[in-house]
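Visitor: Show me how the following folds:
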Amino acid sequence: MKHLNVGALRRAHDPARLAAANDLVQRTLAQHGLVAPQGATPPTSPPEMPDLSALLNRFSGAAPRPVTLPEGASFADETYSCAEGSRRYRLYVPASASDDARGVIMMLHGCTQTPEDFAIGTGMNELADRHGFVVVYPAQSRGDNAQSCWNWFSRGDQRRGRGEPAILAGLAQEICAAHDVDRSACFVAGLSAGAAMAVILGEAYPDVFAAVGAHSGLPVGAAKDVPSAFAAMSGQALDAPDPVPTQTPARTIVFHGSADTTVNPSNGAAIARRAREALSPDSLGRSETGTAQGRCYTRDQCHDTAGRTLVEHWTVAGQSHAWSGGRPGGSYVDSQGPDASAEMVRFFFEHSEAQG
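Guide: Coordinates of the predicted model:
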């Protein structure tokens, strides 16, 4: 197995990087019986790569459907470029935000997903219609990861001014400028690899993002290459460096299923713990339990002395590696449980200066 050369700058289509990233996803899929695991008895003929659309259907239980647009809304297909590279993205602007956007939310999909699939499964466009914010869905390039995963496990993509964080932060700034939205109303959320990249953005660019939503993700610095990525996913993350002190840390909301066998729930707890340490180690805590859409949950919160919610950590009982309260037609969704999308939007805007 090839390791990533994490200390050097890489070409966008570095074969070693692509091979390592592809191996990470292939081994993850093998955990679910979707491809043959490494070391298994080889077939009589070379195996074919799994059909990604079939994999999405297997997780979603339905064939992908097109994104529908209400009257007055747009879902543009654009490309952003900067010195660190370029990425395609979809930009959803509801009629309610065509003249005065309340904010911008960047949504980072998980492995094998697309912006369109993620928009359907999370239902974020419908929430944008209701609340008047803009949603940007960056697309990971197959040239940078064969299975469309964000490269959260690469040291070159974990810091400010480098790689994918630089590209995504630059894109967010461009969208915010175009819609006259300041930092207090700019947010980022993601699922799995997208969640791991979202928390990286929250720490690397707290001057761009006011809050982070991480669903089934991993903490900053949990891995440095493919082997350590698998260790982190199983609950044995590397000891990350201390958070960089900042005057404007990103508030954080975390969702994780207690039955997630792809990314161990200890990773969600580590994201929340790291956020508390960065925001306010002496903050006041509160815990509550409840039931939503057939699943029990625990919500742990911490607040500052003014009562502002700094960190929320939702643990959803019995939930696997899927978006809680997700919509039919998307992949990696669980229609049961609290509505993660609605709760993230509520958390993002409840203390925003742009709240109307």
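Visitor: Pro165 belongs to a strand?
Guide: No: according to DSSP: H, G, I helix; E, B strand; the rest coil, Pro165 belongs to no strand; its state is helix.
Visitor: number of nearby residues for the residue nearest to it when sequence neighbours are not counted?
Guide: When the adjacent residues along the chain are set aside, Pro165 lies closest to Ala204, with 4.9 Å between them (CB to CB, 6 or more residues apart in numbering). In this view, the C-beta of every residue, glycine as well, is placed from N, C-alpha and C. Residues near Ala204, counting by other CB atoms under 10 Å, number 22.
Visitor: Ok, Cys296 next?
Guide: 16.
Visitor: Kindly confirm my reading that it is in a strand.
Guide: Yes: counting by three-state DSSP, one finds Cys296 located in a strand.
Visitor: Please tell me how far it sits from Thr122.
Guide: Cys296 sits 22 Å away from Thr122, taking CB to CB, to the nearest Å as the criterion.
Visitor: related to what we said a few turns ago, for the residue nearest to Pro165, list the residues it contacts.
Guide: Gln158, Arg159, Arg160, Pro165, Ala169 (CB atoms under 8 Å, 6 or more residues apart in numbering).
Visitor: of those, closest to Glu277?
Guide: Gln158 (18.0 Å; CB to CB).
Visitor: So what does the closest one have for phi and psi?
Guide: phi -130, psi 10 (degrees, to the nearest 10).
Visitor: okay, it: pLDDT?
Guide: At Gln158, the pLDDT value in this model is 95.
Visitor: from now on call the first residue 30
Guide: Okay, residue one is now 30; in that scheme the one you just asked about reads as Gln187.
Visitor: and the residue nearest to it when sequence neighbours are not counted, how many neighbours does it have?
Guide: If you skip the residues right next to it in sequence, Gln187 has Ile229 as its closest partner in space, 5.5 Å away by CB to CB, 6+ apart. Using other CB under 10 Å, Ile229 is surrounded by 29 other residues.
Visitor: same check, this time on the one 10 residues further on
Guide: Residues lying near Ala239 (other CB under 10 Å) number 25.
Visitor: residues contacting it?
Guide: Arg212, Ser213, Ala214, Cys215, Phe216, Thr277, Ala279, Arg280, Phe377, Ser381.
Visitor: Surely the fourth one and Ala201 touch.
Guide: Just to be clear, that refers to Cys215. Yes: contact criterion CB atoms under 8 Å: Cys215 and Ala201 qualify, at 5.9 Å.
Visitor: Across the sheet, point out what pairs with the residue nearest to the spatial centre of the chain.
Guide: Per CA atoms, centre = their mean, the C-alpha nearest to the average position across the chain is that of Gly219, at 1.7 Å. Taking DSSP bridges as the rule, Gly219 bridges to Leu137, Ala243.
Visitor: For it, list the residues it contacts.
Guide: By CB under 8 Å, 6+ apart, Gly219 lies in contact with Met136, Leu137, His138, Gly139, Trp179, Ala225, Met226, Ala227, Gly242, Ala243, His244, Gly246.
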